[in-house]
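# Provided below are the primary sequence and the corresponding predicted coordinates.
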Amino acid sequence: MPLLKPLAIIAGVGPGTGASLAARFGRTYTVALLARTSGAAEQILASIGGDGIAVATDVTDPVSIAAAFGRIREAYADRPLAAAVYNVASRVKKPFLELSLDEFESGWATGGRGPFLFSQHALPLLLTAGASDTAGAYTPSLIFTGATASVKANAESAAFATQKWAQRALAQSLAKEFGPRGVHVAHVIVDGPIDTPRIREMFKGVDEKGLIDPDAIADAYWWLHTQDKRALTWEVDLRTGVEKW
């Protein structure tokens, strides 16, 4: 009887990085794709062969994310969790004095409460997989998507930078706490615009040399996941060769 494939859970699946992550991890694992609405995630799942599940999830809502993980456990109770990726963000660019409290707190919910809830559900499964040595050849991994604003807060980015700094701090703390327990926690700074249809529509005529390839981003996540257990990276930054930094 063939061995069942391990599972990868990816939160924040849509055109761009999320779709590329689903495709890259889906080559090796069964994937559970979380998105605010399941339609786009189901299309992506179908495009990569359909080995997995798409679940409509509000990652900032404790009830919704608990239900999502419950559905995943019900569908794949016998699958160890090999990797979990938090790829969710909400961006508001606005002068600070025009920023509403709701806009500010919405950003914090995505970058603070969301990764907190996701991690609390994912880490027990990753720990179990690591302890039982059933996650496959690689260290069970929890990976977060960051941005330029994770380390550099620009003008009119108070809401976005605050959430990204909070998420980076959480990732660093988790890496130090759970690394010794067999879970590789990593943070990826995506420093620049990603090559998606939305970005190309927003910046018509943009030179693609300045756009980060989402498939290459996904390859970097896979590289992090497959690192040797004695040489693990906590943080990596990705940018094009022409990006000013």
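Yes, it's here.
# pLDDT weak spots in this protein?
For the chain, the stretches flagged by pLDDT under 70 are 1-3, 133-136, 205.
# let's see that with 80 instead.
Per-residue confidence for the chain (pLDDT under 80) gives these ranges: 1-4, 50, 133-136, 197-208.
# in the biggest helix by length in it, what counts as buried?
As assigned by DSSP state H, the longest helix anywhere in the chain is helix 158-178. Taking 16 or more other CB atoms under 10 Å as the basis for neighbour counts, the residues of helix 158-178 that come out buried are 158-168, 170-171, 174-175, 178. For glycine as for every other residue, the C-beta is placed from the backbone atoms N, C-alpha and C.
# hmm, who's touching that helix?
The list of residues contacting helix 158-178 from outside it, by CB atoms under 8 Å, 6 or more residues apart in numbering, reads 86, 89-94, 96, 99, 103-104, 106-108, 110-112, 115-116, 119, 123, 126-127, 142, 144, 146-147, 149-154, 184-187, 234-235.
# are any of those residues buried, and which?
The neighbour-count test (16+ other CB under 10 Å) applied to the contacts of helix 158-178 identifies 86, 89-90, 92, 99, 104, 106-108, 110-112, 115-116, 119, 123, 126-127, 142, 144, 146-147, 149-150, 184-187, 235 as buried.
# in strands only, show me those.
Secondary structure defined by DSSP state E assigns 86, 142, 144, 146-147, 184-187, 235 of those to strands.
# which of those residues sit farthest apart?
Across those, the longest distance by CB to CB is 21.0 Å; it joins 147 and 184.
# coming back round to it: turn the ones in strands among the buried ones among the contacts of helix 158-178 into JSON lines, including distance to residue 64.
Rendered in JSON lines, the data for these read as follows (distance: CB to CB, whole Å):
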{"residue": "86", "distance to residue 64": "15"}
{"residue": "142", "distance to residue 64": "20"}
{"residue": "144", "distance to residue 64": "19"}
{"residue": "146", "distance to residue 64": "23"}
{"residue": "147", "distance to residue 64": "24"}
{"residue": "184", "distance to residue 64": "27"}
{"residue": "185", "distance to residue 64": "23"}
{"residue": "186", "distance to residue 64": "25"}
{"residue": "187", "distance to residue 64": "24"}
{"residue": "235", "distance to residue 64": "29"}
